[in-house]
Structures are given as structure tokens and as C-alpha cells.
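Peer 1: What shape does this take:
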Amino acid sequence: MHKNDQDSAQDSLTNHQVDPARFREGQRITWVSIAVNLVLTVMQVIVGFVANSMALVADAMHTFSDIISDGFVLYANRKSAEKPDADHPYGHGRFETAASLVLGLLLTATGIGILISAADRLQNLHELPPVGVAAIWAAMFTLVAKEGLFRYMLKVAERLRSPMLVANAWHARADALSSLVVAAGIGGALLGFPFADSAAAIVVGGMVIKAGVGFAWEAIRELIDTGLSQEKVAAIRKTLVDTSGVFDLHELRTRRMAHQALVDAHIRVNPRISVSEGHAIAESARQRVLQAHPAVLDVLVHVDAEDDSMPSPQANFPERQALETHLRELLGADAPAFERCVLHYLGEKVEIEVFFPAALAPDILTGIEVRLAERLADDPWVRSVILNVKVCVTHQDGACSAHNAPQ
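Peer 2: Model prediction:
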């Protein structure tokens, strides 16, 4: 890969601007969640003690734990919005992934806690204390508030494509389901069926565990650099191949970074174009992907003259200085010093273009061509040598201008 390609890729990440609207929206919905949960916690504690409902008090403690997790989300959301730095050259998007993993584990722990609570209730039905009617109204209000909070948070999180905020929204749904268990338990106690809440708790606990494991697994897959879906990879591949100057694409790798993705691509171009033209084609391919696929954070494009997916013998070639010395031996002692040479590393050998600063006498040129024909037949490194000599073109005014002409 060219140094210019590396520099442009690093500049893109360094200059990457975090969407301020996305950051503000993520902060806003988390603060809304904190405010709602704080009001519910205070209400559940007061009504729980007054109405003699320990289930409502326990749900209040569960709601209070959500305030703590929301504080963690605020920190992770702010951290992920920071620009790339020396320690995090690809940005801080993985903070969202780590937060999603933690929230997934919290969901799983919540589900396990619901199951344990349900099992304890089934074993001690005769010890359940009578509860007041106020408890059922408090439980229903909590259920409606948390379900509304879930729907609001999920809508915003999906629009922002933030896995961390989606996980936090589903955490709110888990809270609503746990509140449903509390409401069922209180309702059952009031109607004389104290076992109803325990049966519902077992079902809901299993659902919460399934959701938590799902979020944790998705976060783990991202942390181990799982690629994009086959459909998205195919779309990116088509964008690269359709770029003018790209012959084909023989390697394409992707990995997710929170709500975005990083792409590495190996494209093949005409092996005889200049380095600057190859870089221009690579930059064009990169910009096309960034424009056509908004979820892609950056593209690293490697320019190849041929398919290098298989082991290449080029790694065993001598360095340029040694090849130039070998070229002088191939040309012969009577050949004038060349002005420059261009090396084309193609396949198992090198093709060389030689440029002489002045026109060559016909006998010298013929001698060089004969020697090359003899020596290149079994040369271990060089396949062919193209001679470029000065040709004098006479103009109408008698002036002579020199041009390179291949022989």
C-alpha cells in the first residue's frame, strides 16, 4: 500500500467529525430515562411501605439499579463521541460496544433474579402478606410508564443506529416486564390466587434472559471483529469494482465499530500506470464507498499490480540497487549510462524500462539488443528489457527536438 494511501486514511479518521445531533439525542433520551426512573423509584418505595407490598419495594430497588446503569450509558455515550487520538486512532466507538455487553449482562442477571424470586414465592405462598389496593394502582402506573419509556427509547435508538442505546431501551422493556410480574402478583394476592405472579415471573424471566444473552453475544461478536453481513459486503464490493480504473477486487475485509464499519480492500489496477495514478484510483474507490455506504467509517485501499492473494516470489527479489547493477551487466560495457529505469514486478520476474539520455548509434543499439536476447533467456530475475532512446525530430525551421522512442 502506498504511503499516501496510509496518510489519507489516517487523516480521514483524525478529521472524522462526530455527529453532534446524534450525540445530543443519545444524551437526551438517557436523561429522560433517569428522570422517569427516579420518579418511579420514589413512588414505589412510598406506596410499597404504605400498602405493605414488599414486591413493589423490590421493584423500586430494581428501578434504582436502572438509574445507575443509565449513568454508565451517559459516560459511554460521551466517551464514544470523542475524536480519534494517539491511543485510539480508530475513535472511541468500541465504548458503545463495551456498554452494550455490560447492559446485556445486566439483562441476563435481571432475568435470573426474576426466576429466583418466582421460585422463592412458589415455596412460601402461605407467608405472603396481604397488600393494599394502592399497590396495584402503583404497579399499573409503573408498568405503563416503563412501557412508554421503552417505546420512546427504542424508536430513537434505532434511528441513531446505536447498539448501546437499543440495549438500554430493551433494558427498560425488561423493567416493564418485571413490573408486570409485580402487578400480576399483587392482583393475584388481592383475588386470592397468590401463585399467579410466580408463574408469570418464570415466563418473563426466561424472556429477559434470552434478550440479555442476545445483546451480550452481539457485543462479543463485534469485539472479536465479526464482519458485516454478506449482503452489505456484496454491495461494497460492487461499488469498488465499478470504480473507473479498477480491474478487479481480490480481497475485501470488514469489521464493525459500534454503529459503523471499517473496510480493507485490495484492488488490482493496470500494472504499468504511475504510482500517482494508482493512488488517484484508490482514493476514487474509497470516496465512492464512503458516499454510497453511510455506515462505513473509513476504507483502507491497497493497490496491487496483480493478484497477491497467493504467496509471491517478489519478496525474494534483490533490492533496486542490486537490480540496477545487474541491468548494467545485461546491457554490456559499451552501453552508455542510462538516465533512469522503471521496474515492473510482475509474476515471478521483473520487466524493466530503460531510458537513455541521448540517441544511440545503430551498431551499439543492435549489440545491446543481441546481448539482451541471449542473456534474458535464462536470467533468474529479469523477463524483459524495453529500451527507450532519444529520437531527433526535425521541424520546418530546421530545429531538432529529442523524444524517447521504445526499441
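Peer 1: hey, let's count contacts and neighbours off CA atoms from now on
Peer 2: OK.
Peer 1: so how far is the helix or strand hosting residue 36 from its chain's centroid?
Peer 2: With secondary structure defined by DSSP states H and E, residue 36 is part of helix 20-50. Taking C-alpha atoms, centre = their mean, to the nearest Å, the mean C-alpha location of helix 20-50 is offset from the chain mean by 31 Å.
Peer 1: do the same with stretch 162-175
Peer 2: With C-alpha atoms, centre = their mean as the basis, the distance from the averaged C-alpha position of stretch 162-175 to the chain average is 21 Å.
Peer 1: Tell me where this protein has strands.
Peer 2: Secondary structure of the chain (DSSP state E): strands at 248-257, 260-268, 296-304, 340-346, 349-355, 382-394, 400-406.
Peer 1: Run through the helices of the protein in chain order.
Peer 2: Assigned by DSSP state H, the chain shows helices spanning 3-14, 20-50, 54-80, 94-123, 133-160, 163-191, 196-223, 230-241, 275-292, 320-331, 362-375.
Peer 1: Among the ones you listed, which comes closest to residue 338?
Peer 2: Distance to residue 338, taken as C-alpha to C-alpha, is lowest for helix 320-331 among these, at 8.8 Å.
Peer 1: For the closest one, name the packing helices and strands.
Peer 2: helix 362-375 (3 or more C-alpha pairs under 8 Å, 6 or more residues apart in numbering; DSSP states H and E).
Peer 1: at 10 Å what do you get?
Peer 2: Contacting helix 320-331 under the criterion 3 or more C-alpha pairs under 10 Å, 6 or more residues apart in numbering; DSSP states H and E are the following elements: strand 340-346, strand 349-355, helix 362-375, strand 382-394.
Peer 1: Go through it and flag the buried ones.
Peer 2: Residues of helix 320-331 classed as buried: 323-324, 327, 330-331 (neighbour count, 16 or more other C-alpha atoms under 10 Å).
Peer 1: Check stretch 274-290 too.
Peer 2: Buried residues in stretch 274-290, counting neighbours by 16+ other C-alpha under 10 Å, are found at 278-279, 281-286, 288-290.
Peer 1: ok, of the residues you listed, which one's closest to residue 383?
Peer 2: Checking the buried residues of stretch 274-290 against residue 383 by C-alpha to C-alpha gives residue 278 as the nearest, at 23.2 Å.
Peer 1: How much space separates that closest one from residue 341?
Peer 2: 19 Å (C-alpha to C-alpha, to the nearest Å).
Peer 1: returning to that earlier point: mean pLDDT added to the helices of the chain, as JSON lines?
Peer 2: JSON lines is the format used below for the helices of the chain (pLDDT from 0 to 100):
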{"stretch": "helix 3-14", "mean pLDDT": "45"}
{"stretch": "helix 20-50", "mean pLDDT": "81"}
{"stretch": "helix 54-80", "mean pLDDT": "66"}
{"stretch": "helix 94-123", "mean pLDDT": "77"}
{"stretch": "helix 133-160", "mean pLDDT": "86"}
{"stretch": "helix 163-191", "mean pLDDT": "77"}
{"stretch": "helix 196-223", "mean pLDDT": "73"}
{"stretch": "helix 230-241", "mean pLDDT": "92"}
{"stretch": "helix 275-292", "mean pLDDT": "92"}
{"stretch": "helix 320-331", "mean pLDDT": "91"}
{"stretch": "helix 362-375", "mean pLDDT": "88"}
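Peer 1: Tell me the helices and strands packed up against the helix holding residue 36.
Peer 2: Under the contact rule (3+ C-alpha pairs under 10 Å, 6+ apart), helix 20-50 is packed against helix 54-80, helix 133-160, helix 163-191.
Peer 1: quick one: which of those is nearest residue 240?
Peer 2: helix 133-160 (26.5 Å).
Peer 1: Report the angle between that closest one and helix 20-50.
Peer 2: Compare the direction of helix 133-160 with that of helix 20-50 by axes from the mean of the first three to the mean of the last three C-alpha atoms, to 10 degrees and you get 170 degrees.
Peer 1: which among the buried residues of helix 320-331 gets closest to residue 232?
Peer 2: Sorting the buried residues of helix 320-331 by how near they are to residue 232, with C-alpha to C-alpha, puts residue 323 at the top with 44.3 Å.
Peer 1: Would you mind confirming that that closest one makes contact with residue 380?
Peer 2: No - assessed by C-alpha atoms under 10 Å, residue 323 is found out of contact with residue 380, at 11.3 Å.
Peer 1: Now do the shared contacts for those two.
Peer 2: When contacts are counted by C-alpha atoms under 10 Å, 6 or more residues apart in numbering, the set common to residue 323 and residue 380 consists of 317, 350.
Peer 1: list the buried ones in stretch 252-264?
Peer 2: Neighbour counts over stretch 252-264 (16+ other C-alpha under 10 Å) mark 252-263 as buried.
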